[in-house]
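Participant: Let's see this in three dimensions:
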Amino acid sequence: MNPPDAPSFPADAAQQDWVESRLITAIMDNAGSALAAMAATIPVIVVLLYREAWLPGLLAWAGAATGICLLRLAMIARYRRHYAGTTGPRLLAFWQRCLWAWPASALIWGGSMLLYFGRGQTENEFVCMMVLVGMGAASVSVLSASLRCFYHFTNALGVTVTTLLLYDLLVMDPFNNDLRDYAMLVLVLVFWGLIRVGGKRFHRVQRSSLELQYHNNQLIESLTRQTQTALDAVGIKNRFLASAAHDIRQPVHALGLYADWLSSEPELVREIAPKIVESTKAVNALFDSLFDLARLDSGKIRINIEQIDVAKLLRDLELQYRPLAEAKGLRLRLHVVPGQATSDPILLQRILGNLIANAVKYTARGGILVASRVTRRGMRIEIWDTGVGIAPEHQREIFREFYKAPPSHAGTEDGFGLGLYIVSRLSNILGHPLRMSSRPGRGTVFRLALEGTDAAQADARAVASLAQLVNRP
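Facilitator: I've put the predicted structure just below:
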């Protein structure tokens, strides 16, 4: 019983398909030259035997051999038109449909012994037998990439030749055989066994080589992804350093100036103290963003899911951000309806705080509206502003880390460009879909759907978010 084609060690389906496809490709790439040699041998056999063999039988054999060559040539042409360079089930199915052609060839060529064995000159018989020996030997290198094809061919050839030898020994002339006839049978059996062993070993070498190539390709692809990730990390670090050097220098430098001014003119404390407070808040806000980013990217963020009074949360945020809005001459309005949401109160407050702070930063006149609404899927919070708006080409980019809109937008010079990136990451972790619409020069609205979640789901999303960040191309 023929052993199936199998990898030398356990492999996944993708690897097996790829290796099998490459083995089939190796056979089909060599099939043309092997077929040409076989076709060229047909007239040689005819020339050698036409005076000795039964002519109708010789012509019938030549026709059958030519026919199988033409059929195999059509298979090769079909392969090159439709399957060359492909892998997977489609190529394997084509190969299964073609397998019969090789044992059919072996039966036809092995059957040629009926024309000459024990019937003609020894020299011609020797040449014809050497053709069969050459075919068996060549099958080791040409067909052993597929054990099934190799065994089909060699078994068909071996069984045909052995059967005809036994027929000649036991039926045609059982009493006049000499040692040469029995030696011939033994040699055929030994040679048959040797080419089977050789083909199996050669197949293992080819398969192991392809499996190694597959794993090398996987390793190269993985290393390429990791290299790109490292380059992205370097790019992020460079953007961070450039942004940090610019953004932290301004409030820190201002703090130094105010401190020097205060030390030289203490009577101006009422005028200088608020400026020091504002500069300190700016530095704290910058570092808060960095700390949030560090917790997200290290996977150390803690999630505590509980029931939240949405109206109370929004009123607390109003108290926190109303002075900031009024300092710019803006009106911060609140429109709330009673309702509960299941979320992490600290992270949700961080999301909404970043969105409100962003609205204040990018609004020069008018105001900000923070509203809560009840929908069929739960509470939804909306934050409207009458600010500069966001151009369509920037609406996807603003959620990327360290991204800032062009300087032509007032207010974009402050901060690291982390606010909306952190908002996007946290809303994804909490399972709260975030939508945005904006019209340049008219304002922007962010809508946060407070769909229910639980701690296990949030933790899983946090792990997935970190893995996606580490493995992104």
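Participant: State whether Val47 is indeed within a helix.
Facilitator: Yes: per DSSP: H, G, I helix; E, B strand; the rest coil, Val47 lies within a helix segment.
Participant: what about it, neighbour count?
Facilitator: 10 (other CB atoms under 10 Å). C-beta coordinates here come from the backbone N, C-alpha and C atoms, glycine included.
Participant: And it, how far from Leu348?
Facilitator: 92 Å (CB to CB, to the nearest Å).
Participant: would you list every one of the helices in the stretch 151-300 of the chain?
Facilitator: If DSSP state H, counting those that start in this stretch is used as the criterion, the helices of the stretch 151-300 of the chain fall at 179-264, 269-298.
Participant: any idea of the mean pLDDT for the shortest one?
Facilitator: Think helix 269-298. Helix 269-298 carries an average pLDDT of 63.
Participant: re the thing from before, go through the helices of the stretch 151-300 of the chain and find the least confident stretch.
Facilitator: helix 269-298 (a mean of 63).
Participant: Need the CA coordinates for the helix or strand following that helix. CSV is fine.
Facilitator: The first helix or strand that comes after helix 269-298 along the chain, using DSSP states H and E, is strand 306-309. Extracted C-alpha coordinates of strand 306-309, given in CSV (Å, rounded to 0.1, in the frame of the first residue of the first chain):
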residue,chain,number,x,y,z
GLU,A,306,-20.1,50.1,37.4
GLN,A,307,-23.4,51.9,37.0
ILE,A,308,-22.9,55.6,36.4
ASP,A,309,-25.3,58.5,36.9
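Participant: partner strands of strand 306-309, parallel or antiparallel?
Facilitator: Counting by DSSP bridges, the strands paired with strand 306-309 are strand 340-343 (antiparallel).
Participant: Show the subsequent helix or strand relative to the partner strand.
Facilitator: helix 345-361.
Participant: So which bits of stretch 129-149 are buried?
Facilitator: Buried residues in stretch 129-149, defined by neighbour count with 16 or more other CB atoms under 10 Å: 129, 131-132, 135-136, 139-140, 142-149.
Participant: Residues contacting that stretch, please?
Facilitator: Contacting residues not belonging to stretch 129-149 are listed as 2-5, 23-24, 26-27, 30-31, 34, 37-38, 41, 44-45, 95, 99, 102, 106, 109-110, 112-113, 117, 150, 153-154, 157-158, 161, 191-192, 195, 198-200, 202-203, 206 [CB atoms under 8 Å, 6 or more residues apart in numbering].
Participant: let's go with 6 Å and repeat that
Facilitator: With contacts defined as CB atoms under 6 Å, 6 or more residues apart in numbering, stretch 129-149 is touched by 5, 23, 26-27, 30, 34, 41, 99, 102, 150, 153-154, 195, 198-199, 202-203, 206.
Participant: Show me how to select, in PyMOL, the buried members of the residues you listed.
Facilitator: Of the contacts of stretch 129-149, the buried ones go into a single PyMOL selection, burial set by 16+ other CB under 10 Å:
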select buried, resi 5+23+26+27+34+41+102+150+153+154+195+198+199+202+203+206
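Participant: Against Leu219, how distant is the nearest residue to Glu306 once chain neighbours are set aside?
Facilitator: Excluding the flanking residues, the one nearest Glu306 by CB to CB, 6 or more residues apart in numbering is Pro345, at 6.6 Å. In this view, Pro345 and Leu219 are 46 Å apart by CB to CB.
Participant: These two: who's more crowded?
Facilitator: Pro345 (17 against 10).
Participant: helix, strand or coil for the residue lying closest to Leu347 once chain neighbours are set aside?
Facilitator: Among residues not flanking Leu347 along the chain, Leu426 sits closest, at 5.2 Å (CB to CB, 6+ apart). Three-state assignment for Leu426 (three-state DSSP): helix.
Participant: Do I have it right that Leu426 meets Leu352?
Facilitator: No: in this structure Leu426 lies outside contact range of Leu352 using CB atoms under 6 Å: 10.2 Å.
Participant: which stretches of the stretch 301-450 of the chain aren't confidently modelled?
Facilitator: Applying pLDDT under 70 to the stretch 301-450 of the chain flags residues 301-302, 395, 397, 399-419.
Participant: Show me how far the strand or helix carrying Cys69 is from its chain's centre.
Facilitator: Using DSSP H and E, the element containing Cys69 is helix 55-82. Put simply, helix 55-82 sits 42 Å off its chain's centre (CA atoms, centre = their mean, to the nearest Å).
Participant: So which other helices or strands are in contact with that helix?
Facilitator: helix 13-49, helix 101-111 (3 or more CB pairs under 6 Å, 6 or more residues apart in numbering; DSSP states H and E).
Participant: Let's see that with 10 Å instead.
Facilitator: Helices and strands touching helix 55-82, as assessed by 3 or more CB pairs under 10 Å, 6 or more residues apart in numbering; DSSP states H and E, comprise helix 13-49, helix 89-98, helix 101-111, helix 113-116.
Participant: could the ones you listed go into a markdown table alongside distance to Ala273 and mean pLDDT?
Facilitator: Output for these, formatted as a markdown table (distance: least, CB to CB, whole Å; pLDDT from 0 to 100):
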| stretch | distance to Ala273 | mean pLDDT |
| --- | --- | --- |
| helix 13-49 | 67 | 89 |
| helix 89-98 | 76 | 90 |
| helix 101-111 | 94 | 94 |
| helix 113-116 | 112 | 86 |
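Participant: Could you dump the ones you listed into TSV with distance to Arg447 added?
Facilitator: What follows is these, written out as TSV (distance: least, CB to CB, whole Å):
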stretch	distance to Arg447
helix 13-49	41
helix 89-98	45
helix 101-111	65
helix 113-116	85
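Participant: Hmm, Lys311 is touching Gly339, no?
Facilitator: Actually, residue 311 is Ala rather than Lys. Yes: Ala311 lies in contact with Gly339 (CB atoms under 10 Å); the separation is 7.0 Å.
Participant: Among the helices and strands packed on helix 55-82, which comes closest to Arg78?
Facilitator: helix 89-98 (7.8 Å; CB to CB).
Participant: Report the angle between the closest one and helix 55-82.
Facilitator: Interaxial angle, helix 89-98 versus helix 55-82 (axes from the mean of the first three to the mean of the last three CA atoms, to 10 degrees): 180 degrees.
Participant: could you list every residue that touches the residue nearest to Glu306?
Facilitator: 304-309, 312-313, 316 (CB atoms under 10 Å, 6 or more residues apart in numbering).
Participant: now Gln218
Facilitator: 14-15 are the contacts of Gln218 under CB under 10 Å, 6+ apart.
Participant: Quickly note the distance from Pro338 to Ser424.
Facilitator: 28 Å.
Participant: So these two - more neighbours on which side?
Facilitator: The neighbour comparison of Pro338 against Ser424 (other CB under 10 Å) goes to Ser424, with 18 against 11.
Participant: any idea how far Thr453 is from the more buried one?
Facilitator: Using CB to CB, Ser424 is found at 16 Å from Thr453.
Participant: Walk me through the domains of the protein.
Facilitator: Split into domains by automatic domain parsing, the chain comes to 13-225, 233-284, 298-471.
Participant: count of neighbours near Thr227?
Facilitator: Neighbour count for Thr227, taken as other CB under 10 Å: 10.
Participant: same deal with Gly63?
Facilitator: Around Gly63 there are 12 residues (other CB under 10 Å).
Participant: Contact partners for it?
Facilitator: Taking CB under 10 Å, 6+ apart as the test, what Gly63 contacts is 42, 108.
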